[in-house]
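**Student:** Give me the fold of what follows.
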Amino acid sequence: MTGRLPANVRVVDASWHVPAPTSGDATWAQLAQLVATNDVLLHGSQTPNLSLLKPRAPLDYSLDEFSKTTAVYATEDPTWAIAYAVRSASCRGFLNACFYPGAGAGDASERRIFVSFAANENGPAPLKAGVVYILPSRSFTRMPSYTDPILGLITECQFVSTEPVPVMAEISVQPANMPLTPLLHDFETVSRRASLNPLGFPWLH
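**Tutor:** Numbering: from 1, shown residues only. Okay, the predicted model is just below:
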């Protein structure tokens, strides 16, 4: 898709990240309650019925090396996990971030989030039902805090395990379980802007 965006595609303003939701429907609340114990993390997927998650090399265009680690990825944020779970295989692009401002993880109310899916030619983002896996946190390591050139010092809600992780439970999710409305973007426009300015994330302006 090139040229003008469909009429129903929202364009974000300069403050691209927003407060991460601290409440949601029953499914969201169930995930939040599980992860609040600090004993588990969440992993969103389009592949159900797995009993073991194995490390994989991600398709990642971030400039940092940590995000390219061959690993199992997980998060403590329910909304972010659901967003990954409901992204269908036909979705051409997914821009996203979830982080705490500052040098360490804080309260859930401090998290910031950004979610934008590449729009189809007719407008809607290609989303479908998925699953969120509940994983034991013991083998995971949080991504180290770092200084973003725009945001300053931040701590991402991203963990990796370089060893296989057994699945404790599986919860089915729908796009409607996200307690925020995801943004949509034009894939070709964002790709062009990213190639010209790799540091310009999320390349929506």
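
**Student:** tell me the contacts of the residue nearest the centre of the chain?
**Tutor:** In the chain, the C-alpha nearest the mean C-alpha coordinate belongs to residue 80, at 4.2 Å (C-alpha atoms, centre = their mean). Residue 80 makes contact with 20, 44, 96, 98, 113, 115, 157, according to C-beta atoms under 8 Å, 6 or more residues apart in numbering. Yep, even glycine has a C-beta here, placed from its N, CA and C like the rest.

**Student:** What subset of those residues is buried?
**Tutor:** 20, 44, 96, 98, 113, 115, 157 (16 or more other C-beta atoms under 10 Å).

**Student:** Verify the stated contact: the last one with residue 77.
**Tutor:** Yes. Because the distance of 4.7 Å satisfies C-beta atoms under 8 Å, residue 157 is recorded as touching residue 77.

**Student:** Any chance you could list residues touching both of these two?
**Tutor:** The overlap between the contact sets of residue 157 and residue 77 (C-beta under 8 Å, 6+ apart) consists of 98, 111.

**Student:** The residue nearest to the centre of the chain belongs to a strand, doesn't it?
**Tutor:** No. Residue 80: not assigned to a strand; according to DSSP: H, G, I helix; E, B strand; the rest coil it is helix.

**Student:** distance of it from residue 51?
**Tutor:** As judged by C-beta to C-beta, to the nearest Å, residue 80 and residue 51 stand 23 Å apart.
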